[in-house]
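Participant: build the 3D model from these lines:
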Amino acid sequence: LSDEMMQLLRNAKIKESRLIKVMNFLDGSWFEQPSDFQPKTSNETQIRFGYFGALSKRKRVDWIINSVADVIQDKSVTSEILLEIVGEGPERIHLEGLVRQRGIEKNVSFRGSVTDVKSHMQECGYILLASETEGVPRVFMEGMSVGATCVGPNIGGVAEMLENGNAGYLYEPTSHTALS
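Facilitator: Numbering: from 1, shown residues only. A predicted model of the protein is given here:
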């Protein structure tokens with residue numbers, strides 16, 4: 001639970017004695033890196049973003065796609081922009097259509113469900129999140145463990161996890177352009 005969720009439960013008159021804050025956790029293998037491991041960093045020629053999670057309306061993956069499309073279509077950005085979407089869900093067909101509609105098929109790949117999430121994350125310089133609501137996102141813990149920069153909405157546990165912008169980038173979740 002995030003601090004925000006704890007406060008909501010207190011406001012709902014849940015007895016304090018029944019509330020226990022338990023942070024999300026990762027399997028320790030996420031922190032084991034080969035001796036020659038170097039986190040993926042963006043360079044001047046290519047920037048790789050990643051989304052890892054459910055393809056559902058609540059996750060607002062359409063905001064991520066539209067934001068990436070806006071950056072790609074910004075003529076002042078000279079780097080190649082790539083977006084890897086890992087996950088499945090009821091919005092996949094709609095999101096694939098949005099990618100076609102925005103004309104960014106060569107920049108966006110849908111990977112579906114994968115067995116080795118860590119290796120896909122290691123290829124991304126940035127992990128993006130656009131959820132309407134979120135507790136303490138495990139995807140950011142995983143992303144940070146492989147050296148990715150996390151970018152998420154200034155809500156609940158996201159702001160808490162990113163230390164109000166000190167451990168990643170926060171944006172005000174008013175529209176996809178705030179993420180761009």
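Participant: not counting stretch 47-58 itself, show me its contacts.
Facilitator: Applying Cβ atoms under 8 Å, 6 or more residues apart in numbering, the external contacts of stretch 47-58 come out as 40, 42, 59, 61, 64, 68, 79-92, 95, 117, 120-121, 123-129, 131-133, 139, 142-143, 148. Just so you know, the C-beta spots here come from the backbone N, C-alpha and C atoms, and that holds for glycine as well.
Participant: repeat that for stretch 4-24.
Facilitator: Leu1, Asp3, Gly135, Val136, Pro137, Arg138, Met141, Ile155, Gly156, Gly157, Glu160.
Participant: in whichever strand or helix holds Phe49, what's buried?
Facilitator: Following DSSP states H and E, the helix or strand that holds Phe49 is strand 46-52. Using 16 or more other Cβ atoms under 10 Å as the burial criterion, the residues of strand 46-52 that qualify are Ile47, Arg48, Phe49, Gly50, Tyr51, Phe52.
Participant: between the two ends of stretch 97-107, how far is it?
Facilitator: 14 Å (Cα to Cα, to the nearest Å).
Participant: pull out the buried residues from the contacts of stretch 47-58.
Facilitator: Listed as buried from the contacts of stretch 47-58 are 40, 59, 61, 64, 68, 81-88, 91-92, 95, 117, 121, 124-129, 131, 139, 142-143, 148; burial here means 16+ other Cβ under 10 Å.
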